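Participant: just need the structure, nothing else, for what follows:
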Amino acid sequence: MASRDLTEGSVAGHLARLGLPMVVGVAAVLSVSLADTYFLGQLGTDELAAISFTFPVVLTITSLAIGMSAGATSVASRAIGRGDTERVKRLATESLILSLVIVSLVAAAGFVLARPLFALLGAEGAVLDMIVDYMRIWFIGVPLLAVPMVGLGLIRANGDSTGPSAMMVLSALVNVALNPVFIFGMGPVPELGVEGAAWAALGGRIAMLAGALSLLIFREKLLTLELPSVSGFITSAGNILKVGAPAAGSNMINPFSMSVVTAFLAAYGNEAVAAFGVATRIETMTTIPMLALSSAIGPVAGQNWGKGKPERTGAAMRDTFIFVVLCGLTLGASFFFLAEPLVALFSDDSVVQNIAQSYLVVVGLSLGGYGIVINASAAFNAIDRALVGLFFTILRSFVLYVPAVWLATTLGPPWAAWFAIAATNVVAGALVAILAFVILKRKSPEAD
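Facilitator: A predicted model of the protein is given here:
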């Protein structure tokens, strides 16, 4: 197992080395959502509304896998920082087993409850039928998503993000290539519409699983064939879930809050829901550098914390916060010029276009605040302080975001909610930046 030491040298340099490949990988993964939106948008507004309804729930379940990956990455990176190679291998193997068991149970529940869940969120009629067809296939493939995500997180904990990025690109290429085949029909494959997007996603997951396991076994040699003892597995599971459970909760809160906001917007009709889905997909795609950095800060923060160098963990947070604010301001300014052509790529409905454009213009300049929240949460997950990261997410989503949007939608048109979201991002980002450094100074790596 060849460890890449992140405890020496330039902190900013390590963040850049790990973050830049992940820009490509995250872009590839997020391009799948944009491809779904683009292809299904060609079929009509109902299909676009259906996939928009699924987006927050898909993110919520995916966030469970992300949380498990965060837990595994946290314990592994700190063990790597301490130089405990055998412990790293045991944790890697046991984290894959644990994630497979947990997500399989969640996927089974989702498969059974798909119809009542989306009916509760406001979907009905033909749109609800399309959603159920999509989600039941999607839930079948959830275990094939979680295992490679945890595996790729372990590789990043070991200081490499190029391999994980390549596997993410492979998965996306397979998924996007299969999209038109299954959505529109080609050769012996019938036209499956929204359901076809789910089958394409399943193909991409199979490709990522094969690639991730090959890296873990043959290149990184991070796995062991030795079966864990019951007591050893319980201990490792406890350490992983100590971070993974709050991290999963933290990652699930944002898409869950988006589901609530989607339900608020459903009162304005399918056009408003479709517009929100289009705008948030474009927003997510343009914030790729912030998301990629949140994947890089974990290994840097975790290895240095495990090595007993908390000052380097603080430097990583500082550099990250500066970057995301500058990135957010740049992206926000670009929406004044690019919102119209970007939205037009995904819908030719003028009502959908106008509502989506107003979202991007109003919310765009506040994206740096959201970037601070997600990166601060990732950093505290890495140093075994996941409850702090969870608190940051709750503050942004439940204390500020949902109440502000609810108030705005009860008082005015959809664009009033956009101003509420922008204000939420700014206030949350400022509060989290201050709290992060105050809390970090009071924590000590020796406690670990």
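
Participant: residue ranges with poor pLDDT in this protein?
Facilitator: Within the chain, the segments meeting pLDDT under 70 span 1-3, 444-448.

Participant: find the centremost residue of it, please.
Facilitator: Centroid check for the chain by CA atoms, centre = their mean gives S63 as the closest residue, at 5.9 Å.

Participant: which residue sits closest to it in space, ignoring its chain neighbours?
Facilitator: Leaving aside its chain neighbours, S63 sits nearest to N251 (3.3 Å; criterion: CB to CB, 6 or more residues apart in numbering). The C-beta positions use only the backbone N, C-alpha and C, and glycine is treated the same way.

Participant: ok, the one you found touching M68?
Facilitator: No. Assessed by CB atoms under 8 Å, N251 is found out of contact with M68, at 9.9 Å.

Participant: quick one on the thing from earlier: any idea which element the residue nearest to S63 lies in?
Facilitator: Here N251, judged by DSSP states H and E, is contained in helix 230-265.

Participant: check which residues of that helix are buried.
Facilitator: By neighbour count with 16 or more other CB atoms under 10 Å, helix 230-265 contains the buried residues 233, 236-237, 239-265.

Participant: now do stretch 17-36
Facilitator: By 16+ other CB under 10 Å, the buried positions in stretch 17-36 come out as 17-36.

Participant: right, and the helix or strand after the helix or strand that contains D319?
Facilitator: In this structure, D319 sits in helix 310-344 according to DSSP H and E. Next helix or strand after helix 310-344 toward the C-terminus (DSSP H and E): helix 350-363.

Participant: for whatever helix or strand comes next after that following helix, name the packing helices and strands.
Facilitator: Using DSSP H and E, the helix or strand that follows helix 350-363 in sequence is helix 367-382. If you count contacts as 3 or more CB pairs under 8 Å, 6 or more residues apart in numbering; DSSP states H and E, helix 367-382 packs onto helix 45-82, helix 230-265, helix 288-307, helix 310-344, helix 386-394, helix 414-442.

Participant: next up, the contacts around the nearest residue to V324 once chain neighbours are set aside.
Facilitator: Excluding the flanking residues, the one nearest V324 by CB to CB, 6+ apart is G371, at 3.1 Å. By CB atoms under 8 Å, 6 or more residues apart in numbering, G371 lies in contact with 287, 290, 293, 324-325, 327-328, 429.

Participant: what's the most distant pair in those residues?
Facilitator: Every pair in these was compared (CB to CB); the two farthest apart turn out to be L293 and G429, at 14.4 Å.

Participant: okay, the two: which has more neighbours?
Facilitator: Set L293 next to G429 and count neighbours by other CB atoms under 10 Å: L293 wins out with 28 against 24.

Participant: and the closest residue in space to the more buried one that isn't next to it in sequence, what is it in contact with?
Facilitator: Among residues not flanking L293 along the chain, G19 sits closest, at 4.8 Å (CB to CB, 6+ apart). G19 makes contact with 161, 289, 292-293, 295-296, according to CB under 8 Å, 6+ apart.

Participant: which parts of the stretch 1-150 of the chain are helices?
Facilitator: Secondary structure of the stretch 1-150 of the chain by DSSP state H, counting those that start in this stretch: the helices cover 11-41, 45-82, 85-120, 125-140, 142-157.

Participant: out of those, which comes closest to G412?
Facilitator: helix 45-82 (21.4 Å).

Participant: in the closest one, what's buried?
Facilitator: Residues of helix 45-82 classed as buried by neighbour count (16+ other CB under 10 Å): 45-81.

Participant: just give the nearest non-adjacent residue to F55, would you?
Facilitator: The nearest residue in space to F55 (CB to CB, 6+ apart) is G277, at 5.6 Å.

Participant: what about the one you found, distance to L265?
Facilitator: Distance of G277 to L265, given as CB to CB, to the nearest Å: 10 Å.

Participant: same thing with L64?
Facilitator: 25 Å.

Participant: which residue packs closest to G81, ignoring adjacent ones?
Facilitator: Nearest in space to G81, with sequence neighbours left out and distances taken as CB to CB, 6+ apart, is G306 at 2.7 Å.

Participant: so the residue nearest to L293 versus A376, what's the distance?
Facilitator: 16 Å.

Participant: same deal with A275?
Facilitator: Per CB to CB, A275 is found 30 Å from A376.

Participant: what's the local residue count around the residue nearest to R219 when sequence neighbours are not counted?
Facilitator: Of all residues not flanking R219 in the chain, G163 sits nearest, at 7.0 Å (CB to CB, 6+ apart). The local packing of G163 (other CB under 10 Å) involves 21 other residues.

Participant: residues touching G163, list them.
Facilitator: By CB under 8 Å, 6+ apart, G163 lies in contact with 152, 155, 215, 219-220.

Participant: phi, psi for it please.
Facilitator: Main-chain dihedrals, G163, degrees, to the nearest 10: phi -60, psi -50.

Participant: over to the one 4 residues further on?
Facilitator: Recorded main-chain torsions at M167 are phi -70, psi -40, according to degrees, to the nearest 10.

Participant: residues contacting it?
Facilitator: With CB under 8 Å, 6+ apart, M167 has these contacts: 25, 148, 152, 208, 211-212, 215.

Participant: 6 Å instead, please
Facilitator: 208, 211-212 (CB atoms under 6 Å, 6 or more residues apart in numbering).

Participant: okay, and which of those residues map to helices?
Facilitator: Using DSSP state H, the subset of these located in helices is 208, 211-212.

Participant: can I get the buried ones among the residues you listed as something I can paste into ChimeraX?
Facilitator: Selection of buried members from the ones in helices among the contacts of M167 for ChimeraX, criterion 16+ other CB under 10 Å:
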select :208,211,212
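
Participant: which one of the ones in helices among the contacts of M167 is nearest K443?
Facilitator: Nearest to K443, judged by CB to CB, of the ones in helices among the contacts of M167 is A212 at 32.2 Å.

Participant: tell me who's in contact with the residue nearest to that closest one when sequence neighbours are not counted.
Facilitator: The shortest distance from A212 to any non-neighbouring residue, by CB to CB, 6+ apart, is to P148 (3.6 Å). P148 is in contact with 208-209, 212, counting by CB under 6 Å, 6+ apart.

Participant: can you tell me which of those residues comes closest to N270?
Facilitator: M208 (32.5 Å).

Participant: and the closest one, how far from V147?
Facilitator: According to CB to CB, M208 stands 9 Å off from V147.

Participant: burial count for L209?
Facilitator: When neighbours are counted by other CB under 10 Å, L209 comes out with 21.

Participant: do the same with the one 10 residues further on
Facilitator: Counted by other CB under 10 Å, the residues lying close to R219 total 13.
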